[in-house]
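K.L.:
got a structure for you, letters missing:
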């Protein structure tokens, strides 16, 4: 793919998300999401690999079904209430259909089956876009609509945390692990959405930061399998030292940045009389922490195999840490003390 063509698709991604974020009319918001979908599919197939084509096809059918359901929900709401405004999605049936459509858009369990298969077949850069940028527009719409059906939201959240933890236990492909990690983190965002939306935004921003820093690190290491991380010390030793801290931050352990949203969400659930739900969420998060620790173990405590004869690619094509990954990694590890200031700014 030529640089000009690739830049057109990347600009279209930004245009689609911007259109959705700035819309109050369902039709314009739906158009922005469709522009996003059509722009990322050529980026998925730029390697011309059969698995990439298969992943793009699965992604297209999943997104097309979700878009059709979303448009039907908006049309149903307009017929029943006479309004196409996003914030006036007041009818219970239309609101429920809209939540399910958006849940399928971002890959929340039980509408998540397309996420691991699509992620595994992509390159790391496209997988980063799919895990971060493509979540913004649907989550914005879910944030805007009135959430009267709180039981459905709580079910989707706790079920996503469980599926994200259980699904990643036996995975050895890093992209599949990141896919299930995304499902689990989306569960934490959704479970608190109807109670404290600003905490959903805090969890989203934290996830975007940590996920971006992890993907930047994997791109520098050229790692897509857990076993390839055992020789990462020979590629970029300094980055290998910070990778375990990023993984523990993704798992939500103190005193790292990822601890802040889970702690605040747990406290808010307990204040709302959902202590049992908070307990289940914390226990299920231990499953996710297990496969983060597996990567931790492979990276730091595994003796690498002897190098086979031949050229070592990192000697001929050195990868240096640039400014953006450095800032992202630093923020991933050290932002916890600033949580009160960030929370005050958001509220």
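P.N.:
Thanks, I have the structure now. Everything numeric in this text was worked out from a predicted model, so none of it was measured.
K.L.:
output the contacting helices and strands for the strand or helix carrying residue 104.
P.N.:
Using DSSP states H and E, residue 104 sits within helix 92-106. Where contact means 3 or more Cβ pairs under 8 Å, 6 or more residues apart in numbering; DSSP states H and E, helix 92-106 is packed against helix 50-81, helix 133-144, helix 150-167. Every residue, glycine included, has its C-beta placed from N, CA and C.
K.L.:
which parts of that helix are buried?
P.N.:
94, 95, 97, 98, 99, 100, 101, 102, 103, 104, 105, 106 (16 or more other Cβ atoms under 10 Å).
K.L.:
can you pull the pLDDT of the last one?
P.N.:
pLDDT recorded at residue 106 is 92.
K.L.:
name the nearest residue to it, ignoring sequence neighbours.
P.N.:
residue 138 (4.7 Å; Cβ to Cβ, 6 or more residues apart in numbering).
K.L.:
same thing with the fifth one?
P.N.:
By the measure of Cβ to Cβ, 6+ apart, the closest residue to residue 99 outside its immediate chain neighbours is residue 152, 6.2 Å from it.
K.L.:
quick one: residue 31 from residue 41, how far?
P.N.:
Separation of residue 31 from residue 41 (Cβ to Cβ, to the nearest Å): 16 Å.
K.L.:
quick check: phi and psi at residue 173.
P.N.:
Here is the backbone geometry of residue 173 (degrees, to the nearest 10): phi -80, psi 130.
K.L.:
so, low pLDDT: which residues of this structure?
P.N.:
Within the chain, the ranges that satisfy pLDDT under 70 run 234-235, 302-321.
K.L.:
again, only using 50
P.N.:
For the chain, applying pLDDT under 50 flags the ranges 308-311, 313-317.
K.L.:
domain ranges for it?
P.N.:
Domain ranges of the chain: 1-142, 149-303+319-347, per automatic domain parsing.
K.L.:
number of nearby residues for residue 233?
P.N.:
By the criterion of other Cβ atoms under 10 Å, residue 233 has 16 neighbours.
K.L.:
my error: substitute residue 129 in the last question.
P.N.:
Residue 129: 18 surrounding residues under other Cβ under 10 Å.
K.L.:
what does residue 125 give?
P.N.:
13.
K.L.:
chain neighbours aside, what residue packs nearest to it?
P.N.:
Per Cβ to Cβ, 6+ apart, closest to residue 125 is residue 219, 6.7 Å.
K.L.:
hang on, the earlier thing: quick one, what contacts the residue nearest to residue 106?
P.N.:
33, 102, 105, 106 (Cβ atoms under 8 Å, 6 or more residues apart in numbering).
K.L.:
centre of the chain to stretch 282-297, how far?
P.N.:
Mean C-alpha position of stretch 282-297 versus that of the full chain (Cα atoms, centre = their mean, to the nearest Å) differs by 17 Å.
K.L.:
buried stuff in it?
P.N.:
282, 284, 285, 287, 288, 289, 291, 292, 294, 295, 296.
K.L.:
right, and the pair among these with maximum separation?
P.N.:
Greatest spatial distance among the buried residues of stretch 282-297 (Cβ to Cβ): 282 and 295, at 21.1 Å.
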